[in-house]
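In: Please work out how this folds:
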Amino acid sequence: MSANRRFVAGVDSSTQSCKVVIADPDSGDIIRTGSAPHPPGTEVDAEAWWTALQEAITAAGGLDDVAGLSISGQQHGLVALDAEGRVIRDALLWNDLRSKAAARDLIAEVGAADYVALTGVLPVASFTAAKLRWLRDAEPDNADRVAAVALPHDWLSWRFLGYGPADSSVRGPVLEALVTDASDASGTAYFDPSASRYDLDLFRIAFGASAREAAGLPCAADTDVEADSPNVGGNGQAASAIVLPRVLAPDEAAGHSPDGIVVGPGAGDNAAAALGLGVTSGDLVISIGTSGTVFGTTDLPIADSSGTVAGFAAADGGRLPLVATLNAARVLDSAAKLLRVSHDELAALALASRPGADGLTLVPYFEGERTPNLPDATARLEGMTLANSSAQNVARAFVEGMLCGLADGLDAVQAQGLEAGRLLLIGGAARNPAVREVARDIFTVPIDVPEQAEYVAIGAARQAAWTLSGTLPDWTVELVATLHPRPSRVRQQYRSCAARTAAQQTASLVSPEHTTSEPTSSEPSLSECSSSDQSLTDHRGSSGARASVKG
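Out: Got it, this is the predicted structure:
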């Protein structure tokens, strides 16, 4: 590594924005950062991501002193390329619902149990396979033009390596140079994470066309190359087959950018966050952003036929079982709006109540729910009496209901064989002192609260350092609180109400429209915080600490 290029950069290209973190590869110390917004919507011109990346790099002070870079990004999005390397239509994001029926069709054609056995996941509208089926059926002219299919992070890595349409790139539209990693590929629903390879039969079922993995261009990363692709892919597959990005090993370099920066394989956002947090066996992460996720790393095979737990791949070569809930920090937003208070005031009200909110219980299915799978459910506030109908108890019930929903997700992950030695609580709502205090009544293992940071981008930077040196570095994560659980009956109270809600909703399901869950917030970046007040102070009495991040 040259003296003038001694840092690494990590990129988080999320739904809402692009963040760049530049760090010391040995210590993980953050040198500088930058960000730029993405346009809103569920379909986006991919060029907006490329523009935002350039703006975020500029805001971070440029890359003149950067030796390695990795890009992480929102999962599942469909970036369809033609033979000239042009994006055929606006990219369909994870939160685009139009492929809901396509997901149901795929499950019906393959079978739920078989699909999970093949891929570790059950298709929902968010996954790439469902979007491909929708494209085939709804836009056949566009579907006929598809020469390659990439995910958002794949496409950005390709562009950063110098590839793209001939009139806007140094190296031209070399589709064989497309690369990805197992963590992001595992969110397509046509990838087998246990074997780390595409299931090309499932791709054909989804899109009605054959596909092959990109052949790769070992020398193309360091020199300008012609835009011509090989006539055949690996194993003699015809060049007419649709190109899927080559799946790199966790520390394998994708190549060098035109400026000489080593580019790592990148990762899906959740997997990058796990890498940034240094999650190891015994750690389970609870992220409370706009919506919620629970995940951990393991070497166990994950095959939940219910579809509750998605058996994604991790960025370190293992598995990343993940559960998503639709109702997380926005539950607190709803409570603040209902009570006409700020988030600071909401926290104070909740802390003035007692565990169980004097019998008041919120089942927080404001937007339906995925865990459990009740997409058409609504929220319920139960147990109200004249004695307990106070602002304090309502505030407490909302916080408890949100956390109990996440605890259900934790149960589902643990049912897959993962052990919880500690929980890591992250996301915008983790700053809320009431959330931290009430969490002690909900969860039964110690809870560490890391400092607020861009863990997706940090994870990508750590991967870049790994790619440069061949060794995953030990970085540190600052802890701002360690919370110890205390016995309570809050979850028992919640389970009783939630069970009644589930029974009533299940009894009302009379149409196939209700058999498959909606896209969820497992897909947006874990670094995306809720709209909760960001000025909340740490929970009183919490202890600061440093934890070593090891591979």
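In: Give the buried residues for the top helix by length along the chain.
Out: Secondary structure of the chain per DSSP state H: the longest helix is helix 391-414. For helix 391-414, burial by neighbour count (16 or more other CB atoms under 10 Å) applies to 391-410, 412-414. Just so you know, the C-beta spots here come from the backbone N, C-alpha and C atoms, and that holds for glycine as well.
In: what element comes up after it heading to the C-terminus?
Out: As assigned by DSSP states H and E, the chain's next helix or strand after helix 391-414 is strand 422-426.
In: Can you spell out which helices and strands pack onto the helix or strand following that following strand?
Out: Using DSSP H and E, the helix or strand that follows strand 422-426 in sequence is helix 433-442. Counting contacts by 3 or more CB pairs under 8 Å, 6 or more residues apart in numbering; DSSP states H and E, helix 433-442 packs against helix 343-351, helix 391-414, strand 422-426, strand 447-450, strand 475-483, helix 490-507.
In: Now do the longest one and helix 490-507, the angle between them.
Out: Spelled out, it's helix 391-414. Interaxial angle, helix 391-414 versus helix 490-507 (axes from the mean of the first three to the mean of the last three CA atoms, to 10 degrees): 80 degrees.
In: Between helix 343-351 and the longest helix of the chain, find me the angle.
Out: Counting by the same axes, to 10 degrees, helix 391-414 lies at 90 degrees to helix 343-351.
In: Tabulate the helices and strands packed on helix 433-442 (a markdown table), appending distance to residue 290 and mean pLDDT.
Out: Converted to a markdown table, the helices and strands packed on helix 433-442 look like this (distance: least, CB to CB, whole Å; pLDDT from 0 to 100):
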| stretch | distance to residue 290 | mean pLDDT |
| --- | --- | --- |
| helix 343-351 | 14 | 98 |
| helix 391-414 | 12 | 96 |
| strand 422-426 | 13 | 96 |
| strand 447-450 | 19 | 96 |
| strand 475-483 | 21 | 95 |
| helix 490-507 | 21 | 87 |
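In: Residue 52 is nearest to which of these?
Out: For the helices and strands packed on helix 433-442, proximity to residue 52 was assessed by CB to CB; strand 422-426 is nearest, at 23.3 Å.
In: which neighbours does the closest one have in its sheet, and in what orientation?
Out: Paired strands of strand 422-426, with direction, are strand 283-288 (parallel), strand 447-450 (parallel) (DSSP bridges).
In: if I look at residue 97, how far off is residue 88?
Out: According to CB to CB, to the nearest Å, residue 97 stands 21 Å off from residue 88.
In: Please say which of the two ends up with more neighbours.
Out: Neighbours per residue (other CB atoms under 10 Å) separate residue 97 from residue 88, with residue 88 holding more: 20 against 12.
In: what pairs with the residue lying closest to that one once chain neighbours are set aside across the strands?
Out: Closest residue to residue 88 apart from its sequence neighbours, by CB to CB, 6 or more residues apart in numbering: residue 80 at 4.5 Å. Taking DSSP bridges as the rule, residue 80 bridges to residue 149.
In: Flag every buried residue along stretch 493-504.
Out: Judged by neighbour count using 16+ other CB under 10 Å, the buried positions of stretch 493-504 are 493-494, 497-498, 501-502.
In: Touching that stretch from outside, list them.
Out: Identification of contacts with stretch 493-504 by CB atoms under 8 Å, 6 or more residues apart in numbering yields 356, 359, 361, 363, 365, 372, 374, 377, 380, 382-383, 400-401, 404, 408.
In: Tell me the most packed of those residues, by neighbour count.
Out: Highest neighbour count within the contacts of stretch 493-504: residue 400, with 30 neighbours (other CB under 10 Å).
In: which residues of the stretch 151-300 of the chain score low on pLDDT?
Out: 218-239 (pLDDT under 70).
In: Where do the helices of it begin and end?
Out: Along the stretch 151-300 of the chain, the stretches classed as helices by DSSP state H, counting those that start in this stretch are 152-160, 182-185, 200-207, 269-277.
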